[in-house]
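I'll drop the sequence and a predicted model, then ask my questions.
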Amino acid sequence: MCPGCVEEGDGFVVEQASFTVVPPTTAGRKSNPRAPTEPTEPLSELAFVVVWLLLLAFHGLCAAYLLAMAMLYFFMENPLMAYYTNLLALPEHRYFRLFGILVGMLGALHGLQLVLHLLWSIKARTPAVFPRAAMTLRVVKFFQGLKKTKTRPVESTSSRSRSSISSISAFTTAGLQDMLSVEGNHFALVFLVRKAVEAGAQIVQCHRYSTLIGRVWINHAYAAMVVVNCWVTPLLDYLMLASDSRATKKASTRNVVKEIAAVSIRERTICVTVDTLMAMMACLVLPLAIFVPYVQVFDASWYGFPMEILYGDVSFPNLIRENQALFALTFVDAVTKLVPHLSILFGMASISLILELHSPRSFRRRGRIVSAGTSLVVAQGKPRDSKALTGTVSKRGGSKPVVGLTFLRRVGAPLCFVAAGAAILGLHLHAAHLANRADSKTMAMCLQGLRPWFAENVSCSVLEYSCHSHGVLTPPGDALDHLQSDAVTAIVFEHCTEFEMPPSILRFRNLLGLELWNVSIAKWGEDAALNARLHPDMIYLVMVYTNMTEMPQGLLTIPLPPLLGDIEISITNLTVIPDELAVAWSNVRLVYLEHTPLEAFPTALFKIPSLSVSLLDDGLETIPDDLFTTVSLLDEYLEVCFSYNPIKELPSSIREGLLINYLSIDHTELTELPAWVDDVGQWINLGGCLVCNDTDPKVPGIAGCTDWGWDPMVDGRYPLALVAPLREIN
């Protein structure tokens, strides 16, 4: 080992001069970066182990969460998840793979730190951390060595560049450690700036939660966390400021050698740990509370959720809105989600430096004697006097404080944090007050409330308006005018004998879905038509037990909402589907028209890009022979259902390249099957079909003749048996 060097507990050999405590000078500011500040006292064995365990736990939790989120972002881009992913955002406005890469990089950094700490602990055979400070010092000395390397009398361009790079690199590495170390000159300023940015990002996310999430306890918890974060931050900074003041005061007395040990690092350790823990609560606990229940019910075998969620009045809108709050949908949303995680990473870097610089084992290795009353600082084999020690503490505390920064830290920043917390609390309480003052009739039809911060009226996410309960034949034109327009996401109109669509439907810009149940449509004209500009997020329309002799004009007026891809109609008295529907419904991806006495085959439904078409129990006797050759526009269908229709033959041929994955022709009057059914992709349901009555039926291997005896009125594609109990008249 080199003369004048000592061996660290982590196995690194560092020059003894690096331990020297020197008074501040102006010369050091000219070019050479300052070595890391000498630790004042070690942590106790118990404190070290506790903080070390917390550090590993924090890194492990963050790595697991962030890497899982990164995988989830990529999983959502799986084609089999396209339906659900498109509910969150359109492909042209979605950057899930990019966000997944960024989140994965953060998770990998946490995982790398965890592995390094564990490896160094195994190497040292005791709890230890990766020696970031020692490594940084090595890098600094390496670049300084490059700068001092002898060069020719005429300095070349490459040597000048190398000298500049070495200076910049040395300054950067030392400066980074100075900002991360709790004893660094810039730590307090960096801490305040970091917390301000983190609080701003959390405020943005808290407001987003208030507009998307209806579960009250989640909004209460998030608002409470943000308020506590804003109010605790000045307190943490005050504790660190008080610690600096006490250290400077004690170092100025005659008893400096005895009292300098009291300048403890524990207060800053506690502050940084508490701050990191609060950030993790908001970044990890609440998102997991939202997402885990959906993971538990998700069926990975068919990439879907149970029917109870998909057709629940509240559960389906919540599925969409809550996951919109969880995933990053825009760049601003992504930044405000990543900032707190970056803050956590910086906080844990500071904790790691605390453990490295204040390890009891490192102090014992250096021959440092620490007692309750005295602390001897050895520098190059000679004890320093009180002036040197005073200089060190003054340098850390700041011997020449800048008036503006002092005012900012003592007055400006605390006031801003306290005011921000008070504003958030006030907005949250205002939203809660609006929700609590709603009249009983409004709350009776509100199945899911919301508490957006800047609402002026009662906010209701899911509405169920029953004409029978209100004693009216149709909703009055102003029936929904007193509701917060941007809060409504789903509306159910039910039990109306002379239903007229209220024009107030045009007010609800964030409407996701509309359902009509047991209504007789008297009027649904262009003045209340669904509109692409006014309903840009609408995705589904359901009409069940609906009396209408023709398709309402409100569903044929162009342009319909661009995301309206799911239209389900069951049990109506429609007899004809107009051809103009093919133009108006040009964005529909799933259409069910069941239990409808059609007089003609609805070819318009095969001129739209619908992946799933169900014509179950519609009284159809014939299917156009050119349906799958010239009428159909698609190259692939997920499902085509002709079940419970008295059809006697299928089209004789289909277009080359057209794929039907699931074909349901059970309980029909088919006596033979065309050759193209052999090319069906996944399954053919023939149960109850005449072709299965033969002793040796000639059916494809993927076809099933089992007749389960199910009732089409109960077990159609639209789940009448599931939804009907929710619509009973009370």
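Arrived safely.

helix, strand or coil for the closest residue to residue 318 other than its chain neighbours?
Spatial nearest neighbour of residue 318, excluding adjacent residues (Cβ to Cβ, 6 or more residues apart in numbering): residue 214 at 6.3 Å. Every C-beta, even on glycine, is put in place using the N, C-alpha and C of the backbone. What DSSP: H, G, I helix; E, B strand; the rest coil gives for residue 214 is coil.

same check on residue 639?
strand.

please name the bridge partners of residue 520.
With DSSP bridges as the criterion, residue 520 is bridged to residue 547.

how near is it to residue 467?
Relative to residue 467, residue 520 is positioned 10 Å away (Cβ to Cβ, to the nearest Å).

in terms of helices and strands, where is residue 514?
strand 513-523 (DSSP states H and E).

can you measure across stretch 683-693, start residue to end residue?
Terminal residues of stretch 683-693 lie 19 Å apart, using Cα to Cα, to the nearest Å.

please enumerate residues in contact with that stretch?
643, 661-673, 677, 697, 699-700, 702-708 (Cβ atoms under 8 Å, 6 or more residues apart in numbering).

just the buried ones from these?
643, 662-668, 670, 673, 677, 699, 703, 705 (16 or more other Cβ atoms under 10 Å).

make a markdown table from those residues and add pLDDT to it.
A markdown table is the format used below for the buried ones among the contacts of stretch 683-693 (pLDDT from 0 to 100):
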| residue | pLDDT |
| --- | --- |
| 643 | 93 |
| 662 | 94 |
| 663 | 95 |
| 664 | 94 |
| 665 | 94 |
| 666 | 91 |
| 667 | 91 |
| 668 | 92 |
| 670 | 91 |
| 673 | 91 |
| 677 | 92 |
| 699 | 80 |
| 703 | 86 |
| 705 | 86 |
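
nearest to residue 566 among these?
residue 662 (17.3 Å; Cβ to Cβ).

tell me the secondary structure for the closest one?
Residue 662 ends up strand, using three-state DSSP.

right, and it touches residue 636 too?
No. Using Cβ atoms under 8 Å, residue 662 is not in contact with residue 636, being 11.3 Å away.

ok, and what's touching the host helix or strand of residue 420?
Assessed by DSSP H and E, residue 420 sits inside helix 413-436. For helix 413-436, contacts defined as Cβ under 8 Å, 6+ apart pick out 192, 195-196, 199, 203, 206, 210, 219-220, 223, 226-231, 233-234, 237-238, 449, 451-455, 457-459.

one more: stretch 276-292?
Counting by Cβ under 8 Å, 6+ apart, residues outside stretch 276-292 touching it are 58, 61-62, 65, 198, 202, 213, 218, 221-222, 225-226, 228-229, 232, 322-323, 325-326, 340-341, 343-344, 347-348, 351.

filter those to the buried ones?
Here, 16+ other Cβ under 10 Å leaves 58, 61-62, 65, 198, 202, 213, 218, 221-222, 225-226, 229, 232, 322-323, 325-326, 340-341, 343-344, 347-348, 351 buried among the contacts of stretch 276-292.

now, which of these lie within helices?
When DSSP state H is applied, the buried ones among the contacts of stretch 276-292 are split such that 58, 61-62, 65, 198, 202, 218, 221-222, 225-226, 229, 232, 322-323, 325-326, 340-341, 343-344, 347-348, 351 fall in helices.

break the chain into its domains for me.
41-239+263-362, 438-564, 611-730 (automatic domain parsing).

measure the shortest one end to end?
When the termini of domain 611-730 are compared using Cα to Cα, they are 38 Å apart.

what is the neighbour count of residue 556?
The number of residues packed near residue 556 is 19, by other Cβ atoms under 10 Å.

tell me the spacing between it and residue 633.
19 Å.

how far off centre is the helix or strand that contains residue 288?
Assigned by DSSP H and E, residue 288 falls within helix 286-297. Offset of helix 286-297 from its chain centre (Cα atoms, centre = their mean, to the nearest Å): 11 Å.

ok so, going back, so between residue 520 and residue 467, which is more surrounded?
residue 467 (20 against 16).

could you find the closest non-adjacent residue to the more buried one?
residue 496 is the one closest to residue 467 (Cβ to Cβ, 6+ apart), at 3.7 Å.

near the one you found, how many residues? Count them for me, please.
Per other Cβ under 10 Å, the neighbour tally for residue 496 reads 23.

same deal with residue 433?
10.

try residue 419
Neighbours of residue 419 (other Cβ under 10 Å): 11.

any idea how far residue 234 is from it?
Distance from residue 419 to residue 234, by Cβ to Cβ: 11 Å.

out of everything not next to it in sequence, what's closest to residue 85?
residue 76 (4.8 Å).

scratch that, residue 667 is what I was asking about
Nearest one to residue 667, counting by Cβ to Cβ, 6+ apart, is residue 688 at 3.9 Å.

got the phi and psi for the one you found?
Phi and psi for residue 688, reported as degrees, to the nearest 10, are phi 80, psi 0.

count of neighbours near it?
When neighbours are counted by other Cβ under 10 Å, residue 688 comes out with 19.

look up how far residue 270 lies from it.
72 Å.

repeat that for residue 109.
In terms of Cβ to Cβ, residue 109 sits 24 Å off from residue 270.

one more: residue 654?
72 Å.

same deal with residue 128?
On the measure of Cβ to Cβ, residue 128 and residue 270 end up 21 Å apart.

among these two, which residue is more densely surrounded?
residue 128 (24 against 15).

where's the more buried one relative to residue 614, distance?
64 Å.

poorly predicted segments of the stretch 1-150 of the chain, please.
1-42, 133, 136, 139-140, 143-150 (pLDDT under 70).

now do the helices in it.
Taking DSSP state H, counting those that start in this stretch as the test, the helices found in the stretch 1-150 of the chain are 45-76, 82-88, 96-124, 132-148.
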